[in-house]
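Enquirer: Here is my input, please return the structure:
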Amino acid sequence: MIEEAKEHFAAVSISALMGHAVRPLEDEPVQPGAVWSGSVQAKLTGGQWTALTAPGTELNRRWLPQLDVVARHLKRLHEAVGLALTFRVALGRRSASCSSSPK
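Expert: Residues are numbered from 1 along each chain as shown. Next up is the predicted model:
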């Protein structure tokens, strides 16, 4: 993915990369056939969203290592290409995002 992004950057392309992860309630890999509707499209309740974003809760502690995996890949991409990146988390109707600065 990094090499592909570098090629597109060199060709002065505007690229959007999208990945869909399982909900923080599930472990990867999930069972075949259940991935999309059973996790990616499944929603979190209001209480689960609150627990997810509250430091120190069980769900938050479960989610942070999952985010660390994504962050490592985004860091490699940022370092390889030198562009600003935006990361957006969307779970049901709620979302949050963060951005990096270009080199």
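Enquirer: residues near the residue lying closest to H73 once chain neighbours are set aside, how many?
Expert: Nearest non-adjacent residue to H73, counting by CB to CB, 6 or more residues apart in numbering: M1, 7.4 Å away. (C-beta placed from N, C-alpha, C; glycine too.) Using other CB atoms under 10 Å, M1 is surrounded by 11 other residues.
Enquirer: Next up, the contacts around M1.
Expert: L17, H73, L77 (CB atoms under 8 Å, 6 or more residues apart in numbering).
Enquirer: let's see it at 10 Å
Expert: Contacts of M1 were listed using CB atoms under 10 Å, 6 or more residues apart in numbering, and they are L17, G19, H73, R76, L77, A80.
Enquirer: so the second one makes contact with H73?
Expert: Yes - with contacts counted by CB atoms under 10 Å, G19 reaches H73, the gap being 8.6 Å.
Enquirer: neighbour count winner among those two?
Expert: Per other CB under 10 Å, whichever of G19 and H73 has more neighbours is H73, with 13 against 9.
Enquirer: Show me what the helix or strand the more buried one falls within is packed against.
Expert: Secondary-structure assignment from DSSP states H and E places H73 in helix 58-81. Contact here means 3 or more CB pairs under 10 Å, 6 or more residues apart in numbering; DSSP states H and E; on that basis helix 58-81 packs against helix 2-10, helix 46-53, strand 86-91.
Enquirer: how near is A54 to F87?
Expert: 20 Å (CB to CB, to the nearest Å).
Enquirer: Tell me, please, where in the protein the pLDDT is lower than the cut-off.
Expert: 29-38, 40, 89-103 (pLDDT under 70).
Enquirer: do that again at 80, thanks
Expert: Along the chain, the model assigns pLDDT under 80 to residues 1-2, 5-6, 8-10, 12-22, 27-42, 81-103.
Enquirer: still on that earlier bit, how about the CA coordinates for the helix holding H73, as CSV?
Expert: The C-alpha trace of helix 58-81 is given here as CSV (Å, rounded to 0.1, in the frame of the first residue of the first chain):
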residue,chain,number,x,y,z
GLU,A,58,-12.5,-1.9,29.4
LEU,A,59,-13.8,-1.1,25.9
ASN,A,60,-11.3,1.8,25.6
ARG,A,61,-8.4,-0.4,26.6
ARG,A,62,-9.5,-3.0,24.1
TRP,A,63,-9.8,-0.4,21.3
LEU,A,64,-6.5,1.5,21.8
PRO,A,65,-4.3,-1.4,20.6
GLN,A,66,-6.5,-1.8,17.5
LEU,A,67,-5.9,1.9,16.8
ASP,A,68,-2.2,1.5,17.3
VAL,A,69,-2.1,-1.0,14.4
VAL,A,70,-3.8,1.6,12.1
ALA,A,71,-1.6,4.4,13.4
ARG,A,72,1.6,2.5,12.6
HIS,A,73,0.5,2.1,9.0
LEU,A,74,-0.5,5.7,8.7
LYS,A,75,2.8,6.8,10.2
ARG,A,76,4.7,4.8,7.6
LEU,A,77,2.5,6.3,4.9
HIS,A,78,3.1,9.8,6.2
GLU,A,79,6.8,9.3,6.4
ALA,A,80,7.0,7.8,2.9
VAL,A,81,5.0,10.4,1.1
